[in-house]
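Novice: output the structure for:
(5 chains, ligands or ions: 4)
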Amino acid sequence: MIQINNLSKIYNNEVEAIKDISLTIAEGDIYGIIGLSGAGKSTLVRCINLLEKPTGGTIEIDGVDLTGLSEKQLREKRKEISMIFQNFNLLNQKNCLNNVCLPLLIAGMNKKKAEKRALELLEIVGIKDKATAYPSQLSGGQKQRVAIARALATSPRVLLCDEATSALDPTTTAAILQLLKDINQKFNITIIIITHQMSVVESICRRVAILDDGMVAEKGEVSSVFSNPQSAAARRLVFPEGYDDKLITADEDVRFIRVVFDGDIATSKPLVASMAVEVNVVASIVYASTKSIGGKTYGSLLLSVKNDEKTVKKALDYFTRNEVSAKEVFLNV
Amino acid sequence: MIQINNLSKIYNNEVEAIKDISLTIAEGDIYGIIGLSGAGKSTLVRCINLLEKPTGGTIEIDGVDLTGLSEKQLREKRKEISMIFQNFNLLNQKNCLNNVCLPLLIAGMNKKKAEKRALELLEIVGIKDKATAYPSQLSGGQKQRVAIARALATSPRVLLCDEATSALDPTTTAAILQLLKDINQKFNITIIIITHQMSVVESICRRVAILDDGMVAEKGEVSSVFSNPQSAAARRLVFPEGYDDKLITADEDVRFIRVVFDGDIATSKPLVASMAVEVNVVASIVYASTKSIGGKTYGSLLLSVKNDEKTVKKALDYFTRNEVSAKEVFLNV
Amino acid sequence: MFSADKFQEALEIVVSQFPLALWETVYVTLIATLFATVIGLPLGVLLVTGKKDGIRPLPNWFNRFIDLFINVLRSIPFLIVMILVFPLTRVIVGTTVGTVASIVPLVIASFPFIARLVESSLKEVDPNIIEMAQSIGATPFQIVAKVMLPEAFPSLLQNLTIATTTILGYSAMSGIIGGGGLGKIAINYGYYRYKYLIMLLAVIVLVLLVQIFQSIGSFIATKSDKRLK
Amino acid sequence: MFSADKFQEALEIVVSQFPLALWETVYVTLIATLFATVIGLPLGVLLVTGKKDGIRPLPNWFNRFIDLFINVLRSIPFLIVMILVFPLTRVIVGTTVGTVASIVPLVIASFPFIARLVESSLKEVDPNIIEMAQSIGATPFQIVAKVMLPEAFPSLLQNLTIATTTILGYSAMSGIIGGGGLGKIAINYGYYRYKYLIMLLAVIVLVLLVQIFQSIGSFIATKSDKRLK
Amino acid sequence: KKKSITIAIPNDTTNEARALLLLQDLGLITLKEGASITATINDIADNPYGIKFNEVEAAQLPNILQDVDYAVINSNYAISAGINPVEDSLGIEGGSSFYANILAVKAGNENLPEVKALVAALQSKAVADFILATYGGSVVSAVENLTDGYDSSIDYAALEGVTISVACSPTPHAEILAIVKEILAEVGIILDIQEFTDYVVPNNVVEDGTVLANYFQHLPYLDDFNEQNGTHIVSVAAIHVEPLGIYGGKQTSLDAIYDSNK
Ligand SMILES: Nc1ncnc2c1ncn2[C@@H]1O[C@H](COP(=O)(O)OP(=O)(O)OP(=O)(O)O)[C@@H](O)[C@H]1O
Ligand SMILES: Nc1ncnc2c1ncn2[C@@H]1O[C@H](COP(=O)(O)OP(=O)(O)OP(=O)(O)O)[C@@H](O)[C@H]1O
Ligand SMILES: [Mg+2]
Ligand SMILES: [Mg+2]
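Specialist: Ligands and ions are numbered 1, 2, ... in the order given. Here you go, the predicted model:
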């Protein structure tokens, strides 16, 4: 369990990057951190493994306060915490294989075993053929995958991902996310993901915190935060321009329902259409981001229906009957 | 107009990054280049301004073959071509303002004017307050925005963007894209955008080329490529795992229709639902990525309907009647 | 170890000779460093930019020539440089002896060294950043002036500090051709006359001087480095 | 300029003395560089890692002490270093005269220089990469050995090459205490005996030697630099 | 196998030759026919005792004395280092004025009044007394007719305020010139003493006119220098002799050499 208490960080006595943040991240959780550019996300995770010395507050991992540890204890602790950096931070003078080997060698594994494991990981992230290439010979996405492989190499207990898939195409992103999900399930490791791709949060995070100007604007279950964002910051992220004050005020005659698919429903089920036919609720899609993987649908829809208590209830009931989670969303502040 | 003829690039006599690529990019176009990580996208654009010397082929800009220019002529040409680099490439020893000033000073503008213009641009990308900060004091997204401001500073004729919004949150991304669209319209500049965010392509590109393993797998109007991807590579990108061989083969009893919203249709119009009610076609959403901006919907839906000539026709007719572009998509190769 | 009258003698020399010697050392070192930098910096730049994969490739024979030229000067012992440059010194300074004349061989002996240090610093500039500069149509000269030198500035300064103290060390030897300075005092008294107390005092002042140069150099280098947060 | 019998004489000396002198120069230079590196490298590492914001901060007085120590040695003219280290030379080599004995002052005079060059190289390592190493729990020693040194390798090599040729230059002066080598021949014949032809020949061989060292160093540095494509 | 004997000798032209000639006089080696003031160890014809030579800079010989069996050292360096040439040497050059240190000027300047004034002061009794008192026999005055410091044939009034520059070695030359400076100061002549630590530059600066005279070398060296460099410098007066002596380092007498071949 990671317990962050009243954390704050002020750079050069003037830039207050994060302010009094408290968060609890359960063991084995996949926790998303989102926020606008410059909101303090990177600073926050960099404080978690104490790469950035917080100006105030404490970070407890499994009950141990990191800020109180000796250098040596901190090092041991850090071996259990891997980090994928926003700018990769690969060693320029070492090839991919040796970059991935590094944390293994640091942890004391012998060279041969380390190389074997590194190769496995490179294979998993799909760049085994680049094992002997140097960072300067890699494409952006390839570099990022080396960084991912390196972070996973030591089978850490905690994984901090700072925009770990930002340089990847959707296909590779999906594969990496699946990989993270798998290792999260198999080894019960805690994953903290910074991202600005809402789809990433929706597809793999259980809980999410929304940072705004260095403070936590909102936090909670992804499904509830995303379906019913309370803060302006959250709404801005969850409905990037999908949420629009003009729209809302202009349309006082509609109400919104957010539907989240988590793979429990088959692609082939024509939900919106059937609802119209079956219960006579004609819903319009305000915002949609879904995809189907292996015949299951993931993602979310934001529907608007007539502003009428009965209609909303009918729609919600319909979704509940079909075992799809749906909630009314109140977009007006 | 940019005319790329039979371009190829082989690194170190062994890595064939791009192979015999020919493309025509019209003046004033916004051209998307997409492809999996390592497909050769960065190499391709780096060849366009000859940062990478192509192994073979020519690049003509407005009828002038760049590969045949003298050093000096090339420099003059390059002043009209700006590039936003995948890894920003900011000067570490200069603050944001001076980083943005650089191309202006290089182009011969006087210091004072350059600073004024740089400040304007920093304001446009939303980081005027960071003008005196150094790159090491910026967040990832802030760095990217400085790089964008720098590229726009000289009002180039051609803008090459290598994942220019990858480190940005959706809100900032949307703002930057809007900015690009505006300058494209106002100054008729040609923009080439590499991205792995399909939403970026959908929201701003007119034409798109899909690279696969160094070759052009498919190219054309965004709407047609996205609604009816012909190549396996294109399908993989357009329907990231939404396209799934198993799905297709398992469901031989469905056919697919791709609906593209380009803002012409109001959010409030309940298309899928209405179709069910009005023409009795119950469509299921296989893949959706839409958003509504200012009451208009943008994005695309992939619907599946019953495998039946009449149903498909009814659906297509319905969309046509509602002035929404829709096409049948054949996902099987 | 040192008797009272040795102290007396040393004190006299300190009072009578040190102030001038200190001043001579400082100005010889600084002027020599200045000129050596004026020659060595462009040469070091050429060494980097003229390479086959540099920003302004020069003919191969030219690169080899510069390389050889620098190595020739670097391989000639300083004593011999001093003698060999007499004609040049005479042309420039009008005489071959004295403190001012000693600047010429110092410059000749140290600019190749500075050129190498500059080369080493400039090689560290991120090639991606240079590429960026090329992409905005900067001329090789602009790339050097507006990108490479500013980016390498902290490292250049660090290396110039190293060079300054090395030149200060060399300047001590210029006593041979009548140059003055603390080094000369240290050598004349310590090396030729075994008056170790005076030598020690001269060395202490030299150390202080180096310490000052080094501190200023490191301070500015660190302050000016914007990569550290 | 050079008459026939001068050629004759020069030829004789070349044949009789150059092979040994060349060998002496090479081994004195290489051994001195080796030892100076063995001392200077760790010292240079300490200079970087021990800083307040380094990876293993050391007490401030200790940093100042090392800094002073290096500056002291760097400020003392080589001639004086030679004398001052006599007692040390005697302890290590058993004598203070001869080629082997000349290695000791060379090492003493050059390790501080190498320490500074190492410092300069290591400062160029991207702080983000060092941070990455800290994040995986590497000890300061591991960070140095597995991250900083490998990342700075090309630059270190480049600077060590500079140091080697500087040491080679210094070694010429070791003729003063009976050291051998080409530098001694150049000085003895050229400087003391005006046999400029012999001096010239000795210098040519020295140049070739520097050229070889420099080429090997630069070649490996460039080859090993994986940042260039 | 017995250890061979090492002798350290100066590495500069004349001192090295003088040292070898001294060793020849002591019967330790034989030089090649015709070996003169430019002899080097390459000119040794016969080395019956298998002596090894270390060529070291003259000034460093006292420092390294304890590391070699013997060293041949110039008296001025020996004195500075606290070695007494008269008492400590195991063998010393004769007082031959052959090696007398001279005042030299560029040919054609011999009769300038400045030069004459300088010569008169250097050959004064005051200087001779200073040499005797200060160096106690290890530096010997080579002047036969001592003057009172002034030359009656020149017009000192015309020289008032004139600066005379002399290039010299630090010891004993500069110290001796300090006395001369006082003498000349009496009549208003300023002596500019320029110290050099090497043996080439002082001749060059006289040749090119930078300084008027120099005082650091002996005649054989000057002759050789003129011949090798095509310069035209002439001696105007012999002032003092610094005999070269051989001193024991690890050894206390020369017997160790003679014994080594038994
Ligand atoms: N300097 C180089 N030397 C050798 N191979 C290289 C070099 N640069 C790129 N490559 C290889 O060329 C291929 C294409 O690289 P490129 O950077 O163009 O990919 P990309 O499409 O931009 O990928 P990404 O989306 O990951 O940035 C990759 O396989 C890469 O490893
Ligand atoms: N070393 C530093 N010195 C001063 N200010 C800094 C420093 N590092 C970060 N900041 C500032 O702190 C704020 C938060 O930065 P941080 O990197 O945490 O943002 P972020 O949420 O990760 O943004 P992004 O999504 O753009 O990466 C920014 O305004 C940034 O400019
Ligand atoms: Mg960040
Ligand atoms: Mg790329």
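Novice: following the helix or strand harbouring C:Ile130 in sequence, what is the next regular element?
Specialist: Assigning secondary structure by DSSP states H and E places C:Ile130 in helix C:127-135. Tracing the chain past helix C:127-135, the next element assigned as helix or strand by DSSP H and E is helix C:140-142.
Novice: from the chain's centroid, how far away is that next one?
Specialist: Helix C:140-142 has its average C-alpha position 26 Å from the chain's average C-alpha position, going by C-alpha atoms, centre = their mean, to the nearest Å.
Novice: can you check stretch E:205-225 too?
Specialist: Going by C-alpha atoms, centre = their mean, the spacing between the C-alpha centre of stretch E:205-225 and its chain's C-alpha centre is 13 Å.
Novice: repeat that for stretch E:236-255.
Specialist: Put simply, stretch E:236-255 sits 11 Å off its chain's centre (C-alpha atoms, centre = their mean).
Novice: coming back round to it: so the helix holding C:Ile130, near chain B or not?
Specialist: Yes. Using C-beta under 8 Å from any C-beta of the partner chain, a contact is recorded between helix C:127-135 and chain B, made by C:Asn128, C:Ile129, C:Glu131, C:Met132, C:Ala133, C:Gln134, C:Ser135. Yep, even glycine has a C-beta here, placed from its N, CA and C like the rest.
Novice: where does the first one sit relative to B:Glu163, distance-wise?
Specialist: Taking C-beta to C-beta, to the nearest Å as the criterion, C:Asn128 is separated from B:Glu163 by 14 Å.
Novice: with neighbour numbers in mind, choose between these two.
Specialist: B:Glu163 (23 against 15; other C-beta atoms under 10 Å in any protein chain shown).
Novice: which secondary structure state is assigned to A:Val277?
Specialist: A:Val277 falls in the helix class when you classify it by DSSP: H, G, I helix; E, B strand; the rest coil.
Novice: get me the contact residues on chain A for chain D.
Specialist: Residues of chain A found near chain D (C-beta under 8 Å from any C-beta) are A:49, A:51, A:74-79, A:81-83, A:85, A:87, A:89-95, A:102-103, A:105-107, A:134-137, A:154.
Novice: which of the residues you listed count as buried?
Specialist: Under a neighbour-count criterion of 16 or more other C-beta atoms under 10 Å in any protein chain shown, the subset of these counted as buried comprises A:49, A:51, A:74-75, A:77-79, A:81-83, A:85, A:87, A:89-95, A:102-103, A:105-107, A:134-137, A:154.
Novice: among the residues you listed, which ones lie close to ligand 1?
Specialist: A:Ser136, A:Gln137 (C-beta under 6 Å from any ligand atom).
Novice: which ones among the buried ones among the residues of chain A next to chain D lie within strands?
Specialist: Among these, the subset assigned to strands under DSSP state E consists of A:Ile81, A:Ser82, A:Met83.
Novice: quick one: residues in contact with stretch C:130-140.
Specialist: Residues outside stretch C:130-140 that contact it (C-beta atoms under 8 Å, 6 or more residues apart in numbering or on different chains): B:49, B:51, B:74-79, B:81-83, B:85, B:89, B:102-103, B:106-107, B:154, C:49, C:55-56, C:142-143, C:146-148.
Novice: ok, it near ligand 1 or not?
Specialist: No. Remark: stretch C:130-140 sits outside contact range of ligand 1, by C-beta under 6 Å from any ligand atom, the gap being at least 11.4 Å.
Novice: what residues of that stretch count as buried?
Specialist: Counting neighbours by 16+ other C-beta under 10 Å, the buried set in stretch C:130-140 is C:Ile130, C:Glu131, C:Met132, C:Ala133, C:Gln134, C:Ser135, C:Ile136, C:Gly137, C:Ala138, C:Thr139, C:Pro140.
Novice: distance-wise, check the third one relative to E:Thr13.
Specialist: It stands for C:Met132. As defined by C-beta to C-beta, C:Met132 lies at a distance of 61 Å from E:Thr13.
Novice: kindly report the same for the first one.
Specialist: Going from C:Ile130 to E:Thr13 by C-beta to C-beta gives 54 Å.
Novice: same deal with the fifth one?
Specialist: Summarising the geometry, the distance separating C:Gln134 from E:Thr13, computed by C-beta to C-beta, is 59 Å.
Novice: mind giving me the packing neighbours of the longest strand along chain E?
Specialist: Selection of the longest strand in chain E by residue count, based on DSSP E, yields strand E:233-241. Contact here means 3 or more C-beta pairs under 8 Å, 6 or more residues apart in numbering or on different chains; DSSP states H and E; on that basis strand E:233-241 packs against strand E:101-106, helix E:113-122, strand E:140-141, helix E:201-207, strand E:213-218, helix E:219-229.
Novice: who's in contact with it?
Specialist: Residues outside strand E:233-241 that contact it (C-beta under 8 Å, 6+ apart): E:95-97, E:99-107, E:110, E:115, E:119, E:122-123, E:127, E:131, E:139-143, E:172, E:176, E:203, E:206-207, E:213-215, E:219, E:222, E:225-226.
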